[in-house]
Every structure is written in structure tokens, then in C-alpha cells.
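S.K.: how would this look folded up:
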Amino acid sequence: MADPPDLIVHLPRLRRYARALTGDAASADDLVQDTLERAWARLHQWRAPVEGDPADPSERLRAWLFTLMHNVHVNQRRQHHLATDPLDDMLDDPALPSVSGGQLETLALRDIHAALAGLPLPQREVLLLVGLEDFSYAEAAAVLDVPVGTVMSRLSRARAAMRVALSHPVATPRPGVAAGWKVVK
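M.R.: Residues are numbered from 1 along each chain as shown. All right, here's what the predicted structure looks like:
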């Protein structure tokens with residue numbers, strides 16, 4: 001029997017995608033664990049490229065793992081009717097880089113997360129796969145099991161919705177009042 005493929009190599013990308021899908025670290029870790037459990041249990045179903053196939057085995061495995069993750073996530077949402085929340089807790093993540101004082105970047109990041117969370121799940125999935133995970137349209141279509149045209153349409157609508165959402169920040173303070181401060185009379 002051939003050596004099993006290295007699933008660990010794909011952990012950072014799986015975790016990043018899971019974090020964006022679920023909205024919090026604990027749920028993302030659970031989703032990644034459930035995905036890897038399913039992958040390990042069904043490793044015999046993964047089709048490695050045959051000799052002469054130009055496909056990169058690692059890319060094929062990555063696409064298969066993302067397909068599994070998508071299916072696990074959809075099944076969990078159907079079973080538990082899980083609501084996704086904005087990624088607010090990510091703003092407190094000390095691992096996020098800070099170049100300047102960080103205030104403007106944090107506000108921009110908050111607005112991006114809020115806009116992303118406001119997208120319908122099908123649009124958010126396509127935007128994350130193509131924009132964040134650098135999947136091609138065809139790869140994203142295969143992961144989500146939809147036609148390429150559907151991926152292009154969802155991506156276009158997601159980008160348009162993000163442009164609209166980001167042109168109007170989530171929280172705009174009243175003139176003369178700093179955001180997050182209460183006015184005491």
C-alpha cells in the first residue's frame with residue numbers, strides 16, 4: 001500500500017478557511033477536526049493522480065479537503081441551525097500584525113469582517129475560496145459542487161455587496177463623539 005498523503009501540510013489553509021466560515025476560533029477548530037476525521041476515515045475514497053496525470057497530488061488533496069470541509073460545514077449548519085457571528089473576537093487576536101498605532105487598521109478590519117459576515121453564505125464561500133484561498137473558478141466550482149458560471153455570478157455579487165458595505169462603514173460616530181464613548185450629561 002502506498003504511503004498515505006500528508007494531511008498536516010494543509011492545516012493552516014483549512015483552519016483559515018474554517019475561521020472565516022464559522023466566525024470564531026473554537027468552532028473553526030471543531031470544523032477542521034471534523035473535516036480531518038472524515039478525511040482520514042475516507043482516505044480510501046481519495047483518488048490520487050495516476051502516472052502521467054498533470055495534476056499536482058498536493059493540489060488535488062487540497063481541493064478534496066476543502067470539498068469535505070464545505071460538506072461538513074453545510075451538514076452542521078443544517079443539523080444545528082448555527083448562526084454565524086461577525087469575527088469580532090479576531091480584533092483582539094494578538095497574532096494580527098500592527099504597523100502603525102493599529103487603530104485605523106483595526107477599524108478597517110472590523111468593517112471588512114462585518115461586511116463579510118453580512119454576505120449570504122454561498123457568496124461568502126465563493127469569495128473566501130477565490131479571494132482568500134486563491135482557488136481558480138474551476139477549483140472553487142468543484143469544491144462547492146456548482147457550475148463555474150454560478151461561481152462567477154456569486155463572486156460578482158459578493159464583490160459588489162462588499163464594495164457597497166465598505167463604502168458605508170459599520171459604525172460612524174456622531175460628530176464630536178469618539179466611537180465607543182458614552183455621552184454623559
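S.K.: Least confident secondary structure element in the chain?
M.R.: helix 103-117 (a mean of 82; mean pLDDT, DSSP states H and E).
S.K.: what packs against that helix?
M.R.: The contact analysis (3 or more CB pairs under 8 Å, 6 or more residues apart in numbering; DSSP states H and E) places helix 103-117 against helix 121-127, helix 148-167. Heads up, the C-betas are built off the backbone N, CA and C, glycines and all.
S.K.: please redo it, this time with the cut-off set to 7 Å
M.R.: When contacts are defined as 3 or more CB pairs under 7 Å, 6 or more residues apart in numbering; DSSP states H and E, helix 103-117 sits against helix 148-167.
S.K.: pLDDT on the helix it packs on, on average?
M.R.: Per-region confidence: helix 148-167 scores 93 on mean pLDDT.
S.K.: Stretch 63-74 now?
M.R.: For stretch 63-74, the per-residue pLDDT averages 90.
S.K.: who's in contact with that stretch?
M.R.: 10, 14, 17-18, 21, 31, 34-35, 38-39, 46, 125, 139, 142-144 (CB atoms under 7 Å, 6 or more residues apart in numbering).
S.K.: Going by neighbour count, which residues in it are buried?
M.R.: Neighbour-count burial for stretch 63-74, with 16 or more other CB atoms under 10 Å as criterion, is recorded at 63-70, 72-73.
S.K.: For the helix or strand harbouring Gln33, which residues meet the burial criterion?
M.R.: Assigned by DSSP states H and E, Gln33 belongs to helix 25-41. Across helix 25-41, burial judged by 16+ other CB under 10 Å covers 27-28, 31-32, 34-36, 38-39.
S.K.: Check which element follows it along the chain.
M.R.: helix 57-80.
S.K.: and the angle from that next one to helix 25-41?
M.R.: Per axes from the mean of the first three to the mean of the last three CA atoms, to 10 degrees, the angle that helix 57-80 makes with helix 25-41 is 120 degrees.
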